[in-house]
Every structure is written in C-alpha cells, then in structure tokens.
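Trainee: below: sequence and its predicted model.
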Amino acid sequence: MTRPSEGGPAPGRAGRGRLTVYLGAAPGVGKTYAMLDEAHRRLSRGTDVVVGFVEDHGRLATAALLEGLEVLPRQVLTHRGSEFTELDVPAVLARSPQVVMVDELAHTNVPGSAHAKRWQDVHDLLAAGIDVVTTVNVQHLESLNDDVEAITGVKQRETVPDHVVRDADQIQLVDLAPDALRRRLAHGNVYRAEQIDASLTQYFRVGNLTALRELALLWLADRVDDALTTYRRDHRIESPWPARERVVVAVTGGPEGDTLLRRGARIAQRAAGSELLAVHVLATDGLPSAPPARIAGQRALVESLGGTFHTVVGEDVPSAVVDFARGVNATMIVVGVSRRSRWKEAVRESNGTEIARLAGMIDVHLVTHERARAGSRRIGRRSALSGPRRTVGWSVALLGPVLLTVLLSSMRELVGLPTELMLFLALTVLVALIGGLWPAIVSAVVGFLLLNWFFTQPTGMLTIAEPENALALGVFVLVAAGVASVVDLAARRTTEAFRARAEASALAAISRSVLSGEDTAAALVARLRETFTLGAVSLLARNETGWEVLATDGVDPALDPDAAQVVLVVDDERVLALTGRVLPASDRRVLEAFASQVGIVLEQERLRAQAEQARILGQADATRTALLAAVSHDLRTPLATIRASVDGLTATNLDLDDADRAALVGTLEESTARLERLIDNLLDLSRLQTGSVRPVLRATSLDEIVPFAVEGYPPGAVVLDVPDDLPLVHTDPGLLERVVANLVSNAVRHAKAGSPVVVGSAVVGNDVVVRVVDDGPGVPDDVKEHMFDAFQRLGDTSGTGLGLGLAVADGLSTAVGAELRVEDTPGGGLTMLVTVPLAGSAA
C-alpha cells in the first residue's frame with residue numbers, strides 16, 4: 001500500500017493542504033505564541049489540530065499554550081554520539097489531522113532525516129492534504145540573507161527559499177516596536193538571563209530591529225502587491241489602484257532621457273517601497289528609433305538608480321506608454337516636454353500632451369529640459385541623383401514643354417489631342433528619369449497649362465469646353481506625378497541598397513578584423529578616415545590635465561574634441577574626433593559601429609596587456625620560487641662542501657696524509673667549479689630576462705670557442721671532433737662558449753657511465769652546425785617543447801642543478817643569431833645542434 005506522503009493526499013482527503021506562515025520581523029516578537037494561539041482558536045471551533053513540532057526555548061508563556069493541545073511525539077536521531085529530536089513526518093501522516101503546527105520553517109534537519117530542511121517536510125504534509133501552520137523570521141529568507149548580514153553583522157546559516165513563503169496561502173506578519181521588543185528581552189521573556197546583556201548591545205540594537213522591521217514590511221508589501229496584481233488580472237480591472245507608488249519614466253533615447261530618469265528617481269525616493277520603471281517604445285517594425293549606445297547608457301543609468309528598464313513595441317507611442325503604465329499599476333508617468341517647436345505642435349500634439357489625455361487616473365509629470373521646445377531644423381531628404389543630373393532635369397522640365405509646344409504647333413493639322421497628351425506624358429517621364437520627382441512634377445504642371453492653352457478647345461484661354469478633355473488632362477497630371485514618384489523612389493532605393501551594402505561590407509570587415517585580433521586602435525582610426533574620406537581622425541582619452549592622443553591618422557588632426565567637426569563617444573573616458581567635413585546623419589550608424597569596435601579593440605588591448613603582465617609576473621614568481629630553492633639547497637650544498645673541505649684542510653687536530661689532502665683539495669675545486677657554473681647561469685638568465693645581453697658579433701673560429709667550453713672534465717668524458725679547416729663563423733665568442741658549455745654539462749650529466757660525450761662540427765650550406773651528442777636516456781617527444789623552459793629538469797632526479805642550463809643556452813643562442821635544436825641520437829640518447837651562420841653569409 002502506498003503511503004500518503006508518497007502517493008498523494010491522505011485517505012479521505014482530496015487536494016493539497018493550505019499553508020499559513022507567521023512571519024516574524026525579528027526573534028522574540030511572538031510568532032510561535034501567535035501560532036499556538038491560532039491552534040487554540042481552531043480547536044475551539046472543532047478543528048482536528050495537533051502540534052507536530054514546537055520549540056518553546058524555555059519561555060513559560062509559550063509552554064503554557066501547549067497545554068490542552070495534542071502534541072505528537074518527535075523523531076529521535078543520533079548524530080556523532082548525541083541524540084536530537086526532529087519533526088516525525090510519518091507520525092503526522094499516520095495521525096492525519098486536519099491542521100498541524102510546525103515551528104521554525106527554516107530549520108536544518110539532523111543528518112539521517114528524510115529531508116535536509118524542515119520546509120521540505122512541510123511540503124510532504126501539504127501534498128498529503130494536511131493544512132500546515134508554521135513560523136519563520138524575516139532574517140531567514142534567502143533573498144534577504146546578505147542584507148541581514150550587512151545590517152546585523154551576523155550571517156544566517158539556516159535559510160528558506162523565498163518562493164516557499166511567497167506561495168503560502170496566508171502570511172501573517174508578527175511585529176513589535178523595537179523598544180517594546182527590547183523591554184521584553186530585558187524582562188527575560190526571550191533569552192536566558194546570561195544572554196540578555198550581550199543581545200541588547202549586539203543583535204537587538206534599536207537600529208538593527210528597525211531595519212529588520214522595514215525589511216519584513218517591504219518584503220510582505222511585495223507579496224501583497226503580487227496578490228493585488230493577480231486579483232486585478234483575474235477580475236479584468238484595467239484602471240490602476242494606487243496602493244503603492246510606482247513611477248514610470250518614458251524615454252525616447254534622446255539626450256533628455258538622463259534628466260527624466262534622475263527626476264523620476266527623486267520622485268520615487270519620496271515614498272518608501274516605491275518602484276522606478278523606465279519604458280522605451282519601439283516601432284512595430286522592431287527597428288530602433290534611437291542610437292543603441294544611448295539606449296544602453298540609459299538602461300545602465302536606471303539600473304544604477306535602483307529601477308528596471310523595459311522595452312515595448314507599439315505603433316502609437318503615447319498609447320503604448322499608457323498601456324504599459326496601466327499594466328504595472330503605475331501611479332505616475334514622467335515624460336519630457338516636447339523638443340518640437342510650437343507651430344509643429346499646433347499641427348500635431350506632442351507625445352506628452354497625448355499621454356496626459358490618455359492617462360486617465362494616472363498622474364502625468366511633465367519635465368522640462370535643455371532641449372525643450374528648441375525645435376529642430378528639418379533636413380530635407382538628399383536627392384539620390386547627382387547635382388549635374390538634377391540641373392539637366394530642371395532644364396528639360398522648363399524648356400522641354402516649351403520646345404514641344406512649338407514643335408506640335410507647327411504640326412497642328414497632323415496630330416490630335418490624344419497624341420499631344422502622350423507626347424507631353426513621355427516628356428514628363430523623361431524628365432523624371434533624368435531629374436527625379438520635383439522636376440517631373442513641374443514638367444507635368446507646365447505641360448498641363450500649355451496643353452490647355454494651345455491645344456484644348458477653346459484655345460488661347462484656360463477654359464476647357466469638353467468634359468472629356470478635362471478628364472484627359474487630369475489623368476495626364478496624375479499619371480505624370482505617379483510615374484515621376486515611382487522613378488524617384490526607385491532611384492532612392494537603389495542608392496540606399498548600395499549604401500546598405502557598403503555599410504554591411506565595412507561593418508563585416510571591421511568585425512572580422514576585430515574578432516581575429518588583427519586590428520589595433522591605430523588601424524581602425526586609419527580605416528575610419530579612409531572609409532569616410534575625412535581629413536583626420538583622432539582617438540582621444542581624458543586625463544587629469546585634459547586630453548591625451550592615443551592614435552591619429554591624417555593631416556592636422558584635432559587634439560581636443562572642441563576642435564573637431566564630429567565627435568563620437570567611445571566610452572566614458574575616450575572619444576573619436578573627426579575633422580575634414582561634416583558627415584550627414586545617415587552616416588551616424590556606421591560611425592557608431594566604428595566607435596563601438598574601437599572600444600572593443602581598446603578593451604582587447606587592455607586585456608592582452610593584463611594577460612602579458614600576469615604572464616610576466618607568473619614567470620617572475622616561478623623565478624623567485626626557484627631562486628629560493630637554489631638558496632636553500634643548490635647553493636647551500638656546494639657551499640657546505642667547500643666549508644667542510646676547508647675545515648678539514650685547516651684543522652690542527654687531524655693528521656692528514658698527502659692523499660687525504662689531495663682528495664679534499666679536489667673536492668674543494670669541484671664544488672667551487674659547480675658553484676661558479678650555477679652563479680654564471682643565474683646571472684645569464686637574469687641578463688636575458690631583463691634584456692641586458694649585448695652581444696658583440698664578429699668573425700671568429702670555433703677553435704677559439706669549443707675547446708674552452710669543454711675544459712674541466714675528466715679525461716675521456718668529452719671527445720672533440722672539430723676539423724681544423726672550418727671557416728670562420730659570425731658570432732660572439734664568449735656567449736657561444738657559454739652555450740656550448742651548458743650543452744656539454746647537460747650531456748655529461750645524462751650520459752651513460754663510462755660513455756663519452758661527443759662534440760663535433762661540420763659545414764652545412766651557409767652555416768656551421770655544432771653537435772653535442774650523448775647516449776643517455778633521451779627525452780620523449782611530448783616533453784621536448786618544454787626542454788628550454790627555465791627550472792625544468794625533465795626527469796633529472798640527481799638533485800643537482802636548477803634546470804637553468806638549457807634555458808640559458810637557448811636564450812644566448814638567440815642573442816648571438818644562432819639556432820638551437822634537439823634531435824634523438826640514433827641508438828638512444830639526445831643530440832643538441834647549434835647552427836651558427838658563416839661569417840660571409842651573415843655579412
């Protein structure tokens with residue numbers, strides 16, 4: 001048989017149980033007392049009520065309320081040798097009451113319980129159809145956890161998700177004035193006597209309690225507001241109910257938007273718990289009516305003011321704003337005074353006026369600003385046709401009808417009015433093809449007048465005797481105007497298509513280059529000047545004294561935004577200053593894309609610089625760590641050996657024979673040489689990392705280099721195979737000797753016992769290749785790429801050396817113009833090859 005907690009509601013009970021939550025503004029306000037008081041009221045009404053879990057915390061008044069109520073036994077659990085009691089969910093399900101009282105909803109259950117949290121136990125009881133009455137303090141709500149910690153300095157470890165409480169069927173706020181709660185605490189009604197003084201001076205300070213009380217009220221107000229919204233929606237109530245201040249700011253993306261948002265924020269701050277909402281209306285085609293960068297800036301501003309930004313789509317801006325305000329139950333709409341001049345408002349009322357007319361019971365606050373009623377000079381549409389072509393079009397429009405009239409007058413007996421109408425219509429179409437719309441309209445009007453005066457009866461006057469002729473002339477004018485409009489529109493669309501394709505191509509090229517990391521800020525500045533044929537473009541950054549030039553291109557660039565003809569804002573600190581010509585408004589979209597890409601490039605450069613700095617710091621840290629290891633071991637070991645050898649040689653109480661003295665002297669020499677090589681490598685690496693290596697390249701012979709690099713090894717340890725007739729090489733003798741010496745030292749360390757290291761050389765093309773060959777264990781292919789990193793021993797477990805030899809050899813090889821490579825030795829081992837250019841080929 002399936003248990004109720006697993007299979008559904010308890011037997012005989014359908015549906016889900018109801019959840020009632022007593023929300024306490026602070027500990028000790030009496031939420032458990034209120035819960036038990038409700039249990040007694042329900043019991044007196046005949047409801048089957050039990051107590052599932054209640055913690056009285058030693059409070060006598062709370063314990064007294066438990067009398068007369070059925071208290072179910074708790075579940076006993078053992079954890080780490082101690083016994084704990086928890087809510088016994090199976091016992092409650094077996095008892096199957098109508099209502100169960102469960103204290104401390106946010107409680108964390110002891111390990112071994114069915115659920116980790118008590119609210120999950122409550123969920124099982126609700127699913128079984130049992131009503132639950134529970135308690136929780138506001139500081140235990142998950143969303144308020146950080147705020148509570150900031151106020152009280154105490155982090156709450158037990159929390160409950162907000163939705164658990166929000167979804168309750170009923171929430172009762174249990175509140176108490178801070179002074180009254182402190183008196184209750186002082187009287188010992190909350191905590192034990194030894195805890196009172198500490199509580200009063202820490203958690204239960206008046207400021208803390210006041211802030212917690214406000215948090216509880218605001219959180220509950222949100223819950224009530226949600227319920228009010230649901231009620232209005234369910235009952236289809238469209239008119240706003242001003243239960244809470246909610247300010248809607250209508251922004252168009254214009255420069256006055258920042259002023260409106262700040263004014264709206266000040267209005268919203270006058271009432272606690274109020275909301276600020278910004279709304280921007282997009283046209284029904286979804287195309288932005290304002291620069292995206294400005295909209296993004298206003299979105300960031302409203303969020304920084306504690307509000308939210310919303311975008312709606314609507315054909316009519318005022319109606320869309322008012323509909324949004326009604327939908328969110330707004331109490332006020334903030335809108336800016338129109339930027340249009342008064343005579344334009346006389347033709348069509350402004351958005352603010354229309355919003356005020358449509359708002360009904362919602363208050364409308366009109367905010368003036370710098371650009372209010374400034375008017376705007378309407379820039380006529382630029383013709384898609386060239387200047388010379390328009391000139392020819394106007395000439396044909398004015399002279400063509402006159403010449404055609406003269407021609408037709410001489411042929412009056414050969415042609416009739418229909419033919420004359422068609423010829424004038426053809427002339428109008430020709431004018432439209434050449435000069436566009438307005439020349440064609442003028443040509444049609446002039447043609448109409450000439451046809452009426454010279455060719456329509458009665459001639460010599462603007463009177464038309466036949467209605468049919470009047471109709472023909474009217475049709476002529478309409479057809480001429482229609483054809484001219486179509487021709488002009490086609491020309492404009494063609495030009496716009498070419499422009500759009502050029503813009504898309506330019507933007508695609510910019511995006512491609514930026515994504516690939518190929519472009520720098522200087523390259524984008526140059527491309528901007530070239531694309532728009534500007535005189536000069538400057539990328540300027542604001543500093544403490546004025547403006548700093550980051551990149552320029554062109555002649556006589558602007559060094560200050562005030563000296564530029566067009567200024568594009570990249571971000572808060574940088575701008576693009578353009579000189580040479582004033583760009584039309586149609587180019588602003590591409591210009592803003594350029595500015596955006598410049599910002600991306602600058603950000604990429606900053607991130608690359610940070611990454612490079614982090615890499616350098618990482619290398620420096622690795623160097624520092626390795627140097628510390630060297631001081632603690634690799635440097636100390638030879639020093640200790642030297643000290644022991646010197647002590648042995650100078651000791652007066654030791655009777656050393658010649659063999660012992662020779663052994664100590666040999667040890668002393670070996671340790672000194674080892675210490676010298678170690679210090680040389682550290683100094684060489686330091687010089688390489690700081691860039692202070694200055695090679696002196698000259699023609700020299702390998703006979704002056706290789707023999708000195710293999711000195712100091714026991715006989716038979718190193719075999720030289722360097723021909724005497726090798727040509728001169730172009731290198732720095734001292735640095736190349738250090739390269740070969742480090743390679744030989746590394747080979748000797750890894751070669752098999754008793755097997756010599758072979759150092760040979762040969763001419764290969766225009767180079768001389770020096771080979772250092774050993775028959776040691778070799779190096780796997782996947783490790784070879786790390787061989788020349790500093791502090792890499794690559795399997796060397798001898799404990800001697802820092803792993804600097806190959807790193808120094810690689811760095812010095814590059815410094816002297818040589819190439820260091822590694823190959824496997826046939827039969828096992830490793831071969832290091834140093835390729836040095838011949839003196840003649842290098843010259």
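Mentor: Alright, I've got the coordinates. These numbers come from a predicted model, not from an experiment.
Trainee: list the contacts for the residue nearest to Val302 when sequence neighbours are not counted?
Mentor: Spatial nearest neighbour of Val302, chain neighbours left out: Ala278 (4.3 Å); criterion: Cβ to Cβ, 6 or more residues apart in numbering. No exception for glycine: its C-beta is placed from N, CA and C like everyone else's. With contact taken as Cβ atoms under 8 Å, 6 or more residues apart in numbering, Ala278 is in contact with 248-251, 261, 264, 298-299, 302, 307-310.
Trainee: which intervals of the stretch 551-700 of the chain have sub-threshold pLDDT?
Mentor: 582-590, 593-594, 619-637, 674, 677-678, 681-693 (pLDDT under 70).
Trainee: now restrict the contacts of Ala278 to buried residues only.
Mentor: For the contacts of Ala278, a burial check counting by 16 or more other Cβ atoms under 10 Å picks out 248-251, 261, 264, 298-299, 302, 307, 309-310.
Trainee: these into CSV, with extra columns for distance to Pro439 and secondary structure?
Mentor: Shown next, in CSV, are those (distance: Cβ to Cβ, whole Å; DSSP: H, G, I helix; E, B strand; the rest coil):
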residue, distance to Pro439, secondary structure
Val248, 49, strand
Val249, 47, strand
Ala250, 43, strand
Val251, 42, coil
Leu261, 48, helix
Gly264, 51, helix
Gln298, 44, helix
Arg299, 47, helix
Val302, 50, helix
Gly307, 53, coil
Phe309, 48, strand
His310, 48, strand
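Trainee: so for the helix or strand harbouring Ala397, what's the average pLDDT?
Mentor: In this structure, Ala397 sits in helix 387-409 according to DSSP states H and E. For helix 387-409, mean pLDDT is 82.
Trainee: cool, and stretch 62-73?
Mentor: Mean predicted confidence for stretch 62-73 is 87.
Trainee: may I see the buried residues of that stretch?
Mentor: Buried residues in stretch 62-73, counted by 16+ other Cβ under 10 Å: 62, 65, 72.
Trainee: in three-state terms, label the first one for me.
Mentor: I take that to be Thr62. Here Thr62 is recorded as helix under DSSP: H, G, I helix; E, B strand; the rest coil.
Trainee: so where's the stretch 201-350 of the chain shaky on pLDDT?
Mentor: The model of the stretch 201-350 of the chain has pLDDT under 70 over residues 201-202, 221-244, 271-273, 283-289, 339-349.
Trainee: and the helices in the stretch 151-300 of the chain?
Mentor: 162-166, 178-186, 193-201, 206-234, 257-268, 292-304 (DSSP state H, counting those that start in this stretch).
Trainee: point out the most buried one among those helices.
Mentor: helix 257-268 (a mean of 20; mean count of other Cβ atoms under 10 Å).
Trainee: now for that one, which elements pack on it?
Mentor: When contacts are defined as 3 or more Cβ pairs under 8 Å, 6 or more residues apart in numbering; DSSP states H and E, helix 257-268 sits against strand 246-250, strand 275-282, helix 292-304, strand 332-336, strand 363-367.
Trainee: just the C-alpha atoms of that helix, please, in PDB.
Mentor: The C-alpha trace of helix 257-268 is given here as PDB (Å, rounded to 0.1, in the frame of the first residue of the first chain):
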ATOM      1  CA  GLY A 257      16.500  60.900 -21.100                       C
ATOM      2  CA  ASP A 258      19.100  61.100 -18.300                       C
ATOM      3  CA  THR A 259      17.400  64.100 -16.900                       C
ATOM      4  CA  LEU A 260      14.000  62.400 -16.900                       C
ATOM      5  CA  LEU A 261      15.400  59.300 -15.200                       C
ATOM      6  CA  ARG A 262      17.000  61.200 -12.400                       C
ATOM      7  CA  ARG A 263      13.900  63.300 -11.800                       C
ATOM      8  CA  GLY A 264      11.800  60.100 -11.800                       C
ATOM      9  CA  ALA A 265      14.200  58.500  -9.300                       C
ATOM     10  CA  ARG A 266      13.900  61.500  -7.000                       C
ATOM     11  CA  ILE A 267      10.100  61.300  -7.100                       C
ATOM     12  CA  ALA A 268      10.200  57.600  -6.400                       C
END
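Trainee: tell me the angle it makes with strand 332-336.
Mentor: In terms of direction (axes from the mean of the first three to the mean of the last three Cα atoms, to 10 degrees), helix 257-268 departs from strand 332-336 by 150 degrees.
Trainee: neighbouring contacts of helix 257-268?
Mentor: Identification of contacts with helix 257-268 by Cβ under 8 Å, 6+ apart yields 245, 247-251, 274-276, 278, 294, 297-298, 301-302, 305-307, 332, 334-336, 365, 367, 369-370.
Trainee: one more time with 6 Å
Mentor: 247, 249, 251, 274, 276, 298, 301-302, 305, 334, 336, 367, 369 (Cβ atoms under 6 Å, 6 or more residues apart in numbering).
Trainee: closest to Ala747 out of those?
Mentor: If you rank these by distance to Ala747 using Cβ to Cβ, Leu301 comes first, at 67.8 Å.
Trainee: quick revisit: report the two of the contacts of helix 257-268 separated the most.
Mentor: It's Ser274 and His369 that sit farthest apart of the contacts of helix 257-268, by Cβ to Cβ, at 22.7 Å.
Trainee: could you dump the buried ones among the contacts of Ala278 into TSV with distance to Arg698 added?
Mentor: Listed next are the buried ones among the contacts of Ala278 as TSV, based on distance: Cβ to Cβ, whole Å:
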residue	distance to Arg698
Val248	81
Val249	77
Ala250	79
Val251	73
Leu261	72
Gly264	78
Gln298	68
Arg299	67
Val302	71
Gly307	74
Phe309	71
His310	75
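Trainee: quick revisit: now, which of the contacts of helix 257-268 sits nearest Asn137?
Mentor: Using Cβ to Cβ, Ser274 comes nearest to Asn137 of the contacts of helix 257-268, at 25.6 Å.
Trainee: isn't that closest one up against Leu218?
Mentor: No: in this structure, Ser274 is not within contact of Leu218 by Cβ atoms under 6 Å, at 10.5 Å.
Trainee: and Pro161, how many neighbours?
Mentor: 14 (other Cβ atoms under 10 Å).
Trainee: again but with Val566, I slipped
Mentor: Counted by other Cβ under 10 Å, the residues lying close to Val566 total 20.
Trainee: is the nearest residue to it once chain neighbours are set aside in a bridge, and if so with what?
Mentor: Once flanking residues are discounted, Val566 sits nearest to Leu578: 4.0 Å by Cβ to Cβ, 6+ apart. Leu578 has the following beta-bridge partners by DSSP bridges: Val537, Val566.
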